[in-house]
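In: Structure for this input, please:
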Amino acid sequence: NGNDFAWLDQLDFELLPPEINSPLSATGGLSNVSYQISASRLPDSFDATELPAGLRVDPLTGVISGRPETTGVFSLTLSATNAAGTDSATLMLTIEDDRMVIANIGDTGAGSLRQALLDAPDGGILIFDAALSGQTISLTGGEVLLQDKDLEIDASGLDDGILIDAAGTSRIVQVSGDSK
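Out: Numbers count the residues shown, from 1 in each chain. Model (predicted):
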């Protein structure tokens, strides 16, 4: 009559080892790397070996992150583990030099400090071309607003430093929000 019922007293499940299913090639930059190890079948820990200097893996989330210290192509062994076992896979990670170069002392345009500050992504690294050592960048077009942007500005390659001057017309940079 279509109203038949059956009772199930016990249901058994077999836990199987994880299977890594995240992409096995990735690209990052010197400014930042973030890669998620993902796997099926309820992994409870993750690992990665042969990590480039500056990177680390969170064993609970499987996130590989950090600022690598060198460029190149790296072969990393990923693993995901649960009570039933471990799966491993090889990730080919390419680290590129994504630093932005400040190449001239102009107030605006490509290669200028102002343009680099505006174009840089959150977590970006700005470096000065060595030819700018001892020079002055005049930012007379008004202050640059950095909002919610974490940047690193590196002048370590300038033996004679660099002077950034707004000629008393405004602040050089205004930092707001979560900027650092």
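
In: Against A167, how distant is the residue lying closest to A155 once chain neighbours are set aside?
Out: Counting by C-beta to C-beta, 6 or more residues apart in numbering, A155 lies nearest to F128, which is 5.2 Å off, once chain neighbours are set aside. In short, each C-beta sits where N, CA and C put it, glycine included. Here F128 is placed at a distance of 20 Å from A167 (C-beta to C-beta, to the nearest Å).

In: before we move on, what about G85?
Out: For G85 relative to A167 (C-beta to C-beta), the value is 67 Å.

In: higher neighbour count, these two?
Out: G85 (12 against 8; other C-beta atoms under 10 Å).

In: pLDDT wise, what is the more buried one at?
Out: For G85, the model assigns a pLDDT of 98.

In: returning to that earlier point: can you tell me how far the residue nearest to A155 is from L151?
Out: In terms of C-beta to C-beta, F128 sits 13 Å off from L151.

In: just D47 next, same as before
Out: Taken as C-beta to C-beta, the span from D47 to L151 is 32 Å.

In: Between these two, which has more neighbouring residues?
Out: L151 (21 against 16).

In: which stretches of the chain form helices?
Out: 113-119 (DSSP state H).

In: And the residue nearest the centre of it?
Out: In the chain, the centroid-proximal residue (C-alpha atoms, centre = their mean) is N32; its distance is 2.4 Å.

In: From the structure, what's the count of residues near the residue lying closest to that residue once chain neighbours are set aside?
Out: Excluding its sequence neighbours, the residue lying closest to N32 (C-beta to C-beta, 6+ apart) is G123, at 4.3 Å. Residues contacting G123 under the criterion other C-beta under 10 Å number 16.

In: can you check D98 too?
Out: 17.

In: wait, what's in contact with it?
Out: 29-31, 124-125 (C-beta atoms under 8 Å, 6 or more residues apart in numbering).

In: With D107 instead?
Out: D107 sits in contact with 114, 137-141, where contact means C-beta under 8 Å, 6+ apart.
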